[in-house]
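In: Turn this into a model:
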Amino acid sequence: MDPIFKKFEEIYSTHEDLWDKFYSDPKLDESKKDIISEIESSTVLNKKEKNILKEDQKKLDALNLELENIENRLNKETKPITDELNKLYDIVDKANEKNQKLLDKVFPPIALSENSCGADCVK
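Out: Residues are numbered from 1 along each chain as shown. Have a look, this model is predicted:
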């Protein structure tokens, strides 16, 4: 995945000044998913700058799709292991719940006063 992130960085850094200018637009709604429409409606970019950033964004969208495909493949291939781990975590959680009363008796909660800072305190 590292080469993909390098491509992201390369795309952003090539026109970093334009991206900074775009993100400085007070009318920008960063909650929107469609960056290209946000670029088109930008009030701080001229037409040439908008075209440059739209092309960059198309490349970024392709990289995002590539990352998504890798993630989906990874999730599919690791599903059996993940399922087995989740079963083991459930067993541990149930054992902890079952033993919690005993653990509370063996290791009772220690209440420290405001003036006490515990055994590691140097006065």
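
In: only C-alpha atoms for contact and neighbour calcs from this point on.
Out: Noted.

In: Spell out the residue ranges of the helices in this structure.
Out: Assigned helices in the chain, in chain order: 2-14, 16-23, 35-40, 47-106 (criterion: DSSP state H).

In: measure residue 33 to residue 57 for me?
Out: Distance, residue 33 to residue 57, using C-alpha to C-alpha, to the nearest Å: 12 Å.

In: Between these two, which has more neighbouring residues?
Out: A side-by-side neighbour count of residue 33 and residue 57, using other C-alpha atoms under 10 Å, places residue 57 first with 18 against 9.

In: For the residue nearest to that one when sequence neighbours are not counted, grab the count of nearby residues.
Out: Leaving aside its chain neighbours, residue 57 sits nearest to residue 36 (6.8 Å; criterion: C-alpha to C-alpha, 6 or more residues apart in numbering). Neighbour count for residue 36, taken as other C-alpha under 10 Å: 18.

In: likewise residue 39?
Out: Residue 39 has 24 neighbouring residues, counting by other C-alpha under 10 Å.

In: ok, it - contacts?
Out: Applying C-alpha atoms under 8 Å, 6 or more residues apart in numbering, we find residue 39 in contact with 22, 45, 50, 53-54.

In: ok, so of the residues you listed, who is nearest residue 62?
Out: residue 54 (12.4 Å; C-alpha to C-alpha).

In: Give me the pLDDT for the residue nearest to residue 57.
Out: What the model reports for residue 36 is a pLDDT of 95.
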